[in-house]
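Chemist: Just the structure for this:
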Amino acid sequence: MKKNFFACLFVFIGLCLATMPASAQKKKDKDSEPEKEAPEMPRENDLIVYKGEQAATGSQADLYKKCLAWFNGYYKNPTSVFRERDEEKGLISGVARFQIKSLNPKTGTKDNAGLVVYDISVTCKENGYSYRIEKINWKQASYYGIEKWFDKDGQYYKSEYVDFLEQTDTFLKELIADLESHMAG
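Modeler: Below you'll find the model as predicted:
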C-alpha cells in the first residue's frame with residue numbers, strides 16, 4: 001500500500017515538474033511579442049493639444065449659434081460640459097469626458113478602465129472659427145496627464161497605455177471631424 005502511495009506521489013510530482021517549463025516557455029513567447037507603438041499625437045510644450053482653425057461662411061453670431069447647436073447635439077448632457085458661453089466674444093468652452101476600455105486577458109472582454117477628461121473651447125469669428133482641446137487627463141484622485149502613458153520607463157507603466165492612447169486619439173479625431181462637419185453644413 002505504501003509503495004502504491006509513493007509511486008503515485010512520485011508520478012504526480014513528476015507531472016507537475018514536467019508542465020512547469022512549458023508554462024514558462026509560453027510566458028516567454030508572449031513577452032517576446034513586439035510591443036505596439038503609441039500613435040503620433042499633436043503636442044505643444046510637451047503636452048498633447050488638438051487645435052485648428054477652419055474657414056466657415058457666416059457672421060460670428062451665426063457661427064456661434066451653429067457651434068452652440070453642435071455642443072447641444074453632441075454631448076448627452078451639455079449643461080454639465082459648459083464652463084463659458086460668451087456670445088459677444090464668440091467663445092464656448094467646457095470640460096467633457098469619455099470612457100476608455102481595457103482588455104481583460106482572462107475573459108477576453110473589454111472592461112471599464114476609467115474616464116479621460118479634456119477641456120474644449122471653440123472661438124467663432126467672422127467667416128471662421130478655431131477649436132482647442134487640451135488638459136487631457138485620466139481621471140484619478142490627482143491630475144494624471146495622458147502624456148505619462150508615453151513614458152515606457154516610468155515606474156507605473158503598463159503596456160495597455162498604448163491602447164488607451166489609441167482610444168483617446170481616435171475619439172478626439174472623430175469629435176473634431178464631427179465638429180467640422182457640423183460647422184461646414
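Chemist: per-residue pLDDT, residue 104?
Modeler: Per-residue pLDDT puts residue 104 at 88.
Chemist: In contact with it, which residues?
Modeler: By CB atoms under 8 Å, 6 or more residues apart in numbering, the contact set of residue 104 is 110-111. For glycine as for every other residue, the C-beta is placed from the backbone atoms N, C-alpha and C.
Chemist: hmm, try it at 7 Å
Modeler: residue 111 (CB atoms under 7 Å, 6 or more residues apart in numbering).
Chemist: just residue 83 next, same as before
Modeler: Counting by CB under 7 Å, 6+ apart, the residues that residue 83 touches are 93-95.
Chemist: Any of those buried? List them.
Modeler: 93-94 (16 or more other CB atoms under 10 Å).
Chemist: Pipe the contacts of residue 83 into JSON lines and attach pLDDT per row.
Modeler: JSON lines is the format used below for the contacts of residue 83 (pLDDT from 0 to 100):
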{"residue": "93", "pLDDT": "98"}
{"residue": "94", "pLDDT": "98"}
{"residue": "95", "pLDDT": "98"}
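Chemist: would you list the contacts of residue 83 in CSV and tack on distance to residue 56?
Modeler: Shown next, in CSV, are those (distance: CB to CB, whole Å):
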residue, distance to residue 56
93, 18
94, 20
95, 24
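Chemist: between the contacts of residue 83, which is closest to residue 77?
Modeler: Distance to residue 77 across the contacts of residue 83 (CB to CB) is lowest for residue 94, with 10.9 Å.
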